[in-house]
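Peer 1: Any chance you could fold what I've pasted below:
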Amino acid sequence: MGEGGTGMGIVHLLREVTVELALFQGEFARTNGLHTTDVRALICLLDAERAGAPLTPGELGARLGLHSAGTTSAIDRLERAGHVERVRDVHDRRRVRLQVSEQAVALGERHFGPLIAQTLDLLGTFDDGEVAAVRRFLTGVRDAAKSRHA
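Peer 2: Alright, predicted model coming up:
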């Protein structure tokens with residue numbers, strides 16, 4: 001595989017995409033007075049809520065690779081900003097789950113919504129086989145990256 005459309009060319013393109021997305025995420029953080037870790041925390045929390053499994057502070061820290069004090073600091077910043085709330089687990093009152101506020105969701109939708117819409121429009125031009133290939137590739141890259149820091 002050469003440098004062009006396959007092999008290392010794809011790796012370099014993926015690297016460019018990650019840089020652009022990180023810059024876009026950083027812009028959201030700056031615009032909303034957040035630390036980049038706070039934005040990553042919000043993404044993790046939203047993904048967990050969407051999957052029907054809201055995170056505890058410890059679970060969030062593990063996903064972010066933070067120690068307890070760093071996790072607490074991030075949650076405290078998000079809570080003070082009105083983006084996250086600590087709520088008691090309905091099944092185990094001793095556990096605390098983290099819930100993203102509607103305010104934070106609305107901020108995210110305003111900033112990321114247009115990019116998501118463009119991405120979905122682009123994906124809509126792909127046939128089912130192409131979508132499956134993209135999913136398989138991104139899942140594989142994600143899993144490879146996870147295995148390097150797990």
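
Peer 1: Now Gly70: closest residue in space that isn't a chain neighbour?
Peer 2: Gly61 (7.1 Å; C-beta to C-beta, 6 or more residues apart in numbering). C-beta: built from backbone N, CA, C; applies to glycine.

Peer 1: residue nearest the centroid of this protein?
Peer 2: Among the residues of the chain, the one closest to the centroid is Ile43, at 3.4 Å (C-alpha atoms, centre = their mean).

Peer 1: Am I right that that one is in a strand?
Peer 2: No: applying DSSP: H, G, I helix; E, B strand; the rest coil, one finds Ile43 to be helix, outside a strand.

Peer 1: any idea how far it is from Arg110?
Peer 2: As for Ile43, its distance to Arg110 is 16 Å (criterion: C-beta to C-beta, to the nearest Å).

Peer 1: One more: Thr72?
Peer 2: To Arg110, Thr72 is 28 Å away according to C-beta to C-beta.

Peer 1: Leu66 now?
Peer 2: The spacing between Leu66 and Arg110, counted by C-beta to C-beta, is 27 Å.

Peer 1: Please say which of the two ends up with more neighbours.
Peer 2: Residue environment comparison for Leu66 versus Arg110 gives the larger neighbour count to Leu66, 19 against 12, counting by other C-beta atoms under 10 Å.

Peer 1: For Glu20, see how far away the residue nearest to the more buried one when sequence neighbours are not counted is.
Peer 2: Nearest residue to Leu66, sequence neighbours excluded (C-beta to C-beta, 6+ apart): Ala74, at 6.9 Å. With distances defined as C-beta to C-beta, the gap from Ala74 to Glu20 amounts to 24 Å.

Peer 1: From the neighbour counts alone, determine which of those two ranks first.
Peer 2: It is Ala74, of Ala74 and Glu20, that has more neighbours when counted by other C-beta under 10 Å, with 24 against 11.

Peer 1: tell me which element that one is part of?
Peer 2: helix 68-80 (DSSP states H and E).

Peer 1: Please name every helix or strand in contact with the helix or strand following that helix.
Peer 2: Using DSSP H and E, the helix or strand that directly follows helix 68-80 along the chain is strand 84-88. Contact here means 3 or more C-beta pairs under 8 Å, 6 or more residues apart in numbering; DSSP states H and E; on that basis strand 84-88 packs against helix 36-50, helix 68-80, strand 96-100.
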